[in-house]
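Enquirer: Below is the sequence, then the predicted model.
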Amino acid sequence: MRIALISPKGPLYRHRGGIFKKSLRYQPLTLTTLTALAPPELDIEFQLYDEGIEDLPSDLNVDLIGMTVITGTAPRCYELAAKFRANGIPVVLGGPHVTLMPDEAAQHCDAICVGYAEMSWPRLLQDFAKGQLKGRYDQGSDFNLNQMVIPERDRLDRGKYITQAVFEATRACAHACDFCVSPSAWGRKQFQKPVEHVAHDIKQFGKKRNIFIDLNLISDRAYAKSLFEALVPLNIRWFGLVTSLIGRDPDLMELMAKSGCSGVLIGFESISTDALGSVHKKFNQPNTYTKVIEDLHRLNISIYGCFVFGYDTDDTGVFQRTADFAIDAGIDLPRFAIQTPFPGTPLYHRLNAEGRITTRDWELYDGQHVVYRPSKMTGEELQDGHVWAWQNVYSRRAILKRLAKSRTQLPISILANLGYRFYANHLHSHYTCDWPIGYELKAS
């Protein structure tokens, strides 16, 4: 049985090199995890394609096609699905957008996987092998991550990514921010892999620099503590995502550094308490940001700080205020996004009820385009201000000022900032790269 697994990308996200003339994406886990989950008795020949790094072949000679869908790639997925089905190849769709919009997705394929697929995907493959494919496969109330699954990373070309050393310990997050897809798609329960399974995967892969893609590694303090303790003897360096709450737990922060943490992504979102309150992220407290940044820098941990523009409390001065803060605080890599009401989220439902959604072209739902009517500025002002903020914080003077304040992992941070400077000046044609601080970039 031959199966092609595809991660489609819209035109802005297809393989591009940027300043370093190579892809700055890390290897995704979805496709290689799906192959690892296949029942061995089915003897499946898999073909994997990631449009982020390569073009699809013009013809696929396979028995089944599976695609993973996020909102921004939904139009591309549906376009490809129509083509494949017209050629007589059945198509299965899964991923966050399918979980949020199952009825829509079901119109474009032969079967959908709703929710996490660890348990449903093997059942789907067995049913397909028997000629009994059902139209829908759900995550199930008994879902867990207790089974050890080692992604088959070598099925994708490692030369096309900045790193293959990508890992996951948990899924979902305990918080319920209005704009976040996670609680709407999967609820607030955080699923956790046994710590020993995570440590085994890292050890067997054998890389010294690693990335965790978890939404919030410190969502459960007890689990985070166990994970960090297990990482200490591995003598690795790693990058991951945490919230600003790490600043209120100095012991956990120290342990995180001891475990090898070299950089973190933190969603600061806004420097306005009113804006944070409007999207139910009050646990972020702007008056603590500077200390969190200083404490992390003291531990030689670089900061990838994310901010969002377009809250109902935001006026046209928000771009200058936020850029000034990012520069003055010495954030190693600032990143900005436009508030995006992803379908199924409370934010989407509210703006839709208020008649403020201006387009349902899902390809524009990517954090770089305005898809709703802002409250205190025009859509054009929001779009232009977003671009201005990027270019402002990645001006030569701003880079020097930020890095002089940070003084954290300077050689790598300089390279990272040069990469982001390129993207800041090409937002119209490139999506911001997703590589983190802590990885040497080599021109190819």
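Expert: Here it is on my side, so go on.
Enquirer: Low-confidence ranges, the stretch 151-300 of the chain, go.
Expert: Judged against pLDDT under 70, the stretch 151-300 of the chain has no low-scoring part.
Enquirer: What ranges does it have for its helices?
Expert: With DSSP state H, counting those that start in this stretch as the criterion, the stretch 151-300 of the chain has helices at 181-186, 195-205, 221-231, 250-258, 273-278, 286-298.
Enquirer: so what secondary structure elements neighbour the second one?
Expert: Taking 3 or more Cβ pairs under 8 Å, 6 or more residues apart in numbering; DSSP states H and E as the contact definition, the neighbouring helices and strands of helix 195-205 are strand 166-167, helix 221-231. Bear in mind the C-beta positions are built from the backbone N, C-alpha and C, glycine included.
Enquirer: Can you say which of the helices of the stretch 151-300 of the chain is packed in most?
Expert: helix 181-186 (a mean of 21; mean count of other Cβ atoms under 10 Å).
Enquirer: What helices and strands are in contact with that helix?
Expert: Against helix 181-186 (3+ Cβ pairs under 8 Å, 6+ apart) you get helix 96-100.
Enquirer: where's the helix it packs on relative to the chain centroid, distance-wise?
Expert: Once both centres are worked out by Cα atoms, centre = their mean, to the nearest Å, helix 96-100 turns out to sit 15 Å from its chain's centre.
Enquirer: How about residues contacting the helix or strand just after that helix?
Expert: Downstream of helix 96-100, the next assigned helix or strand under DSSP states H and E is helix 102-106. With Cβ atoms under 8 Å, 6 or more residues apart in numbering as the contact definition, helix 102-106 has outside contacts at 69, 74, 93, 97-98, 112, 114, 135-136.
Enquirer: try stretch 370-386
Expert: So stretch 370-386 is contacted by 309-310, 312-316, 318-319, 336-341, 351, 356-359, 361, 364-365, 368-369 (Cβ under 8 Å, 6+ apart).
Enquirer: same thing with stretch 281-295?
Expert: 175, 177, 243-248, 250, 253, 266-273, 276, 303, 305, 325, 329-331.
Enquirer: Give me the buried subset of those.
Expert: Using 16 or more other Cβ atoms under 10 Å as the burial test, the contacts of stretch 281-295 include 175, 177, 243-247, 253, 266-272, 276, 303, 305, 325, 329-331 as buried.
Enquirer: Which residue comes closest to L42 once chain neighbours are left out?
Expert: The spatially closest residue to L42, leaving aside those adjacent along the chain, is A129, at 5.4 Å (Cβ to Cβ, 6 or more residues apart in numbering).
Enquirer: Would you quantify the distance from that neighbour to Y137?
Expert: Plainly put, A129 is 14 Å away from Y137 if you go by Cβ to Cβ, to the nearest Å.
Enquirer: Between those two, tell me which one has more neighbours.
Expert: Neighbour totals were compared for A129 and Y137, and Y137 leads with 22 against 17 (other Cβ atoms under 10 Å).
Enquirer: got a list of what that one touches?
Expert: 111-114, 117, 120-121, 123-124.
Enquirer: For these, give me JSON lines that also has distance to A82.
Expert: Below are the contacts of Y137 laid out as JSON lines (distance: Cβ to Cβ, whole Å):
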{"residue": "A111", "distance to A82": "15"}
{"residue": "I112", "distance to A82": "15"}
{"residue": "C113", "distance to A82": "19"}
{"residue": "V114", "distance to A82": "21"}
{"residue": "A117", "distance to A82": "23"}
{"residue": "S120", "distance to A82": "24"}
{"residue": "W121", "distance to A82": "23"}
{"residue": "R123", "distance to A82": "26"}
{"residue": "L124", "distance to A82": "21"}
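Enquirer: Adding pLDDT and secondary structure, write those residues out as JSON lines.
Expert: Shown next, in JSON lines, are those (pLDDT from 0 to 100; DSSP: H, G, I helix; E, B strand; the rest coil):
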{"residue": "A111", "pLDDT": "98", "secondary structure": "strand"}
{"residue": "I112", "pLDDT": "98", "secondary structure": "strand"}
{"residue": "C113", "pLDDT": "96", "secondary structure": "strand"}
{"residue": "V114", "pLDDT": "95", "secondary structure": "strand"}
{"residue": "A117", "pLDDT": "92", "secondary structure": "coil"}
{"residue": "S120", "pLDDT": "94", "secondary structure": "helix"}
{"residue": "W121", "pLDDT": "96", "secondary structure": "helix"}
{"residue": "R123", "pLDDT": "96", "secondary structure": "helix"}
{"residue": "L124", "pLDDT": "97", "secondary structure": "helix"}
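Enquirer: Only whichever of those are buried, select them in ChimeraX.
Expert: ChimeraX command restricting the contacts of Y137 to the buried ones, with burial defined by 16+ other Cβ under 10 Å:
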select :111,112,113,114,117,120,121,124
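Enquirer: Pick out whichever of the contacts of Y137 sits closest to P11.
Expert: Set against P11, the nearest of those by Cβ to Cβ is I112 (24.9 Å).
Enquirer: What are the boundaries of the strands in the protein?
Expert: 2-7, 45-50, 64-68, 91-94, 111-114, 136-138, 166-167, 170-171, 191-192, 209-212, 237-242, 261-269, 302-309, 333-338 (DSSP state E).
Enquirer: would you turn the ones you listed into JSON lines with distance to R25?
Expert: As requested, those are exported to JSON lines (distance: least, Cβ to Cβ, whole Å):
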{"stretch": "strand 2-7", "distance to R25": "10"}
{"stretch": "strand 45-50", "distance to R25": "8"}
{"stretch": "strand 64-68", "distance to R25": "15"}
{"stretch": "strand 91-94", "distance to R25": "20"}
{"stretch": "strand 111-114", "distance to R25": "24"}
{"stretch": "strand 136-138", "distance to R25": "28"}
{"stretch": "strand 166-167", "distance to R25": "10"}
{"stretch": "strand 170-171", "distance to R25": "20"}
{"stretch": "strand 191-192", "distance to R25": "25"}
{"stretch": "strand 209-212", "distance to R25": "11"}
{"stretch": "strand 237-242", "distance to R25": "14"}
{"stretch": "strand 261-269", "distance to R25": "15"}
{"stretch": "strand 302-309", "distance to R25": "15"}
{"stretch": "strand 333-338", "distance to R25": "15"}
